[in-house]
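Q: with the sequence up front, the predicted model follows.
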Amino acid sequence: MVFGPQAQQGKTTKHRADQQKSHNQPKRCLKWGDQSASDIDKLMHLWGLGLVRHGDTPPFADHQDLYSTIDEMPIGNVTWQSFAMKYGADADLASNPTPWMDTTYTTCAIIHNMLGNPDFKNEMDYVPYCEWNGQGDSATHQWHNVMSGDWAWDQADEIAKDPTTHSSTFVPVILGSDKTMVSVATGQNNYYPLYASIGNVHHNVRHAHHNAIAVISFWLFQKKQLFHSSLSRILSSLKPAMSVPEVVQFGDGHFRCMVYGLGPYIADYPEQLVLGCVIQNWCVKCFTYPDNLDSSEGGLCSREVVDTLCDEVDSGVLWEEWGVISDVVPFTNDFPCTDIHQLLAPDILHQVIKGAFKDHLMAWVEKYLEKEHGKTSPPFAGLCQFPQGRGFSQWTGGDSKALMKVYLPAIEGHVPQDIIWCFQAFLKFCYIVQQDIIAEDTLLQLSDCLECFHCYWQIFQDTGIQFNGFSLPCQHVLCHYSMLIHLFGAPNSICSSITESKHIKAVKEPWCCSSKFNTLGQMLLTNQRLNKLTASRSDFIACGMLNNSYISDHLAYLGMSSTCCDRSAATDDDDDHNNNANSHSDERSRAYNIHALADELGIPNLPCLVQLFLFDQLLADDTHTSDNVPLSACPRFEGHIKIFNSATASFYALSDPSGVGAMWCEHICVAPSWHRGPAHNDTVFVNTASEGGINGMEVSHVLCFFSFRHSQETFPCALVHWFKLIVNESNSDTGMWMLSIIHIDTIIRAYHLLPIFDSDFTLENLTLHIVLDIWPSFYVNRFIDHHAFEIAS
């Protein structure tokens, strides 16, 4: 835990806010991808004015000089290629061909860049492996990265049948495609980017992107056979090295023989139908009939079975009885040891979150609700609030995830208990399947949750909400998740949320930087330049050119190490968050000693609490603590204090989007005024090693962060309001308890509490800022994120 910038004492904080605003402006100006050519020219001009008195000039004369320098960089240089395709089987189209332009990188060169990236040298698996937790007979098998799955083992065994491939490194190429729209008002602006990654890098690297995911192609179409033929053409450069080993330099500097293989394909359900050549409403994994998807009676699809059916069965029968489109040949038929039906990866975002939760369960529950309720909950970082309500015209994955965090307590008391249990089982399934490491006992929990979900969903049919049963592809595919985890490891980083978040940097931001006319070429050039800059930076770091620089020292001084909060998508949000945390005090001044702070907070016994805290820190032993000594025996403190409006907690969060080291930084705010409004005080988990707590942790409400010096030692502290645990179970009820001062190192992370609404409706004039003060009991919300689910379960 580290404190944020110190709050102003004895003066207003308006000047501080202005300083913070001006301090952040250069950081934003230096984000090249967001600046136009004219902005770059202005920046170089201003930079030059500041260097005139030193007789120096800026590194670039103007934007053309900057662009030319980037274009001449040899590192990461992969040129784009384009090709045209047409319908060769249609005589009419052959006489009047309609070209479908496809622009692509040389796929082989992209994979070489990933393998040779020095940033990945300690985050890469070179051989398939089995991962076990424990020793001896008590050891349990667990699945983590792609190379820990059974599929990688099977591929290695198949490749090893050829003696010339022995001692080679297997490199699975993970593919992903998804349609994205950059603008609605300016006409047809749909793009179909194709992304590639390698299965050797660890999940946390792919979560952080960090150049482990690259766009290799842009389509302007998605027609079935053309789509497969284009994929085959794009990946053709990989085919020779699928049977004959190729020598490539890896990020650790060693040269290795390696063999390619096509790995999991990330796609949502509509694209899975196109890839698997399957009819709408059929399962892409098995032959279960579309009107009986709530069972698992169909056999698994495979390349051998489908090829045999296409040879022996009429195309009409295949369509009606098997759900197979016989006149489309999958692109995987052009590559060895590849089965598209097996390679289709589980899609947590569209199948579980957007599909089963938002499109099905939530829609069914809404039929029970006669008026809106349960909108009020305490604030939490990343949790959106809509006091006036909000009608969504289009739901994003983030909207659905945010609603999942607070939905269960909101509907409690207003729907039958079986619906509550159904939701609870589903949410457990959703959070378990997103864990970064899944063990054998975790798979048993997953199966139990799915069984309970199928048991309790019958309430929707019994009450007439869902008349047509549960033959829904998004819910049926959940039955295949255990098999897919065995094959490909934890599905958390082979989900379409990875490719959708990549859309921002690869498609949407380059489109915004374009002239909006003939944009594809400009977008390709922007991607090429950004890839060069990223590759060059990795090379500079590997060569030691950025070590111990002034910038690194200054970033370390500011606590902005690149090992934490490495997500580029969150940079702007973090900037705004820091601004709010530091400038929220308006014209207020803060206390400068403990007595003034006691008056400010309205806690007269605060000096006594400081004395008790000092005794525990300096004098306590096995027999004497602040609980059993008189106040007169405790050290006194009358000196100055420093008050802070925020603190940062850093913790290991593999299952959540995090940095390359799987570290996540979280701001805990204690602001007397938030956005010039009411106060903002977060709730936290505190490590007390208490047997009566939640896995050794207890919940408290932070009232103030401050520090002081005593006996030549600095004590960073938090004044907290404790909550009393009523029931020692998951989703526990809590109520107010007592005040004390704790060391900030005992704070694990921020945590979210949700009021127990029961069957009551909230008052219309109730605001979220006073919920913790007026509500008598709360749920500990373990669904706020995956790390919270893991430590509180």
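A: Received it, and whenever you're ready, just let me know what you need.
Q: quick one: list the elements packing against the top helix by length along the chain.
A: Secondary structure assigned by DSSP state H gives helix 519-542 as the longest helix of the chain. If contacts are counted by 3 or more Cβ pairs under 8 Å, 6 or more residues apart in numbering; DSSP states H and E, helix 519-542 sits against helix 63-71, strand 214-219, helix 509-512. No exception for glycine: its C-beta is placed from N, CA and C like everyone else's.
Q: out of the ones you listed, which is the most enclosed?
A: Comparing these by mean neighbour count (mean count of other Cβ atoms under 10 Å), strand 214-219 ranks first with a mean of 23.
Q: what's next to that strand, contact-wise?
A: 100, 102-105, 107, 110, 113-114, 177, 191-197, 227, 230, 234, 502, 506-507, 520, 523-524, 527, 531 (Cβ atoms under 8 Å, 6 or more residues apart in numbering).
Q: tell me the buried residues in stretch 413-426?
A: Buried residues in stretch 413-426, counted by 16 or more other Cβ atoms under 10 Å: 413, 414, 415, 418, 419, 420, 421, 422, 423, 424, 425, 426.
Q: and of those, the nearest to residue 744?
A: Of all those, the one with the least separation from residue 744 (Cβ to Cβ) is residue 424, at 33.9 Å.
Q: where in the stretch 251-400 of the chain is pLDDT low?
A: Scanning the stretch 251-400 of the chain for pLDDT under 70 picks out 296-297, 368-395.
Q: try 80
A: 294-298, 366-400 (pLDDT under 80).
Q: what are the boundaries of the strands in the stretch 351-500 of the chain?
A: 438-439 (DSSP state E, counting those that start in this stretch).
Q: now do the helices in it.
A: 362-366, 397-411, 417-433, 440-456, 458-462, 473-476, 481-488, 496-503 (DSSP state H, counting those that start in this stretch).
Q: doesn't residue 741 belong to a strand?
A: Yes: judged by DSSP: H, G, I helix; E, B strand; the rest coil, residue 741 forms part of a strand.
Q: now do the strands in the stretch 101-250 of the chain.
A: Under DSSP E, counting those that start in this stretch, the stretch 101-250 of the chain gives strands at 131-133, 140-143, 169-177, 180-181, 190-198, 214-219, 246-249.
Q: in JSON lines: those strands, plus distance to residue 293 and mean pLDDT.
A: Converted to JSON lines, the strands of the stretch 101-250 of the chain look like this (distance: least, Cβ to Cβ, whole Å; pLDDT from 0 to 100):
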{"stretch": "strand 131-133", "distance to residue 293": "33", "mean pLDDT": "90"}
{"stretch": "strand 140-143", "distance to residue 293": "26", "mean pLDDT": "92"}
{"stretch": "strand 169-177", "distance to residue 293": "25", "mean pLDDT": "94"}
{"stretch": "strand 180-181", "distance to residue 293": "29", "mean pLDDT": "82"}
{"stretch": "strand 190-198", "distance to residue 293": "28", "mean pLDDT": "89"}
{"stretch": "strand 214-219", "distance to residue 293": "30", "mean pLDDT": "84"}
{"stretch": "strand 246-249", "distance to residue 293": "43", "mean pLDDT": "93"}
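Q: tell me which of those sits nearest to residue 362.
A: Using Cβ to Cβ, the nearest of those to residue 362 is strand 180-181, at 23.8 Å.
Q: and residue 261, what element?
A: In the assignment (DSSP states H and E), residue 261 maps to strand 255-266.
Q: contact partners for residue 443?
A: Residue 443 sits in contact with 482, 485, where contact means Cβ under 8 Å, 6+ apart.
Q: roughly how far apart are it and residue 266?
A: 22 Å (Cβ to Cβ, to the nearest Å).
Q: out of the buried residues of stretch 413-426, who's nearest residue 458?
A: Taking these together and measuring to residue 458 by Cβ to Cβ, the closest member is residue 418, at 7.7 Å.
Q: that closest one and residue 461 touch, don't they?
A: No: look at residue 418 against residue 461 with Cβ atoms under 8 Å: they stay out of range, at 11.1 Å.
Q: shared neighbours, these two?
A: Counting by Cβ under 8 Å, 6+ apart, no residue touches both residue 418 and residue 461.
Q: measure residue 481 to residue 546 for me?
A: 42 Å.
Q: out of these two, which sits in the more crowded spot?
A: residue 481 (22 against 12; other Cβ atoms under 10 Å).
Q: I'd guessed the more buried one sits against residue 432; true?
A: No: using Cβ under 8 Å, residue 481 is not in contact with residue 432, being 9.8 Å away.
Q: find residues that contact each of those two.
A: Joint contacts of residue 481 and residue 432 (Cβ under 8 Å, 6+ apart) are residue 446.
Q: from the contact counts, what lies against whichever strand or helix holds residue 613?
A: Residue 613 is part of helix 606-618 when elements are defined by DSSP H and E. Helices and strands touching helix 606-618, as assessed by 3+ Cβ pairs under 8 Å, 6+ apart, comprise helix 594-601, strand 713-725, strand 733-743.
Q: pLDDT averaged over the second one - what is it?
A: In other words, strand 713-725. Taken as a whole, strand 713-725 has a mean pLDDT of 86.
Q: could you pull out the buried residues of that strand?
A: Buried, per 16+ other Cβ under 10 Å, within strand 713-725: 715, 716, 717, 718, 719, 720, 721, 722, 723, 725.
Q: residues in contact with the fourth one?
A: Residue 718 is in contact with 647, 670, 684, 702, 704, 705, 741, 742, 743, 744, 747, counting by Cβ under 8 Å, 6+ apart.
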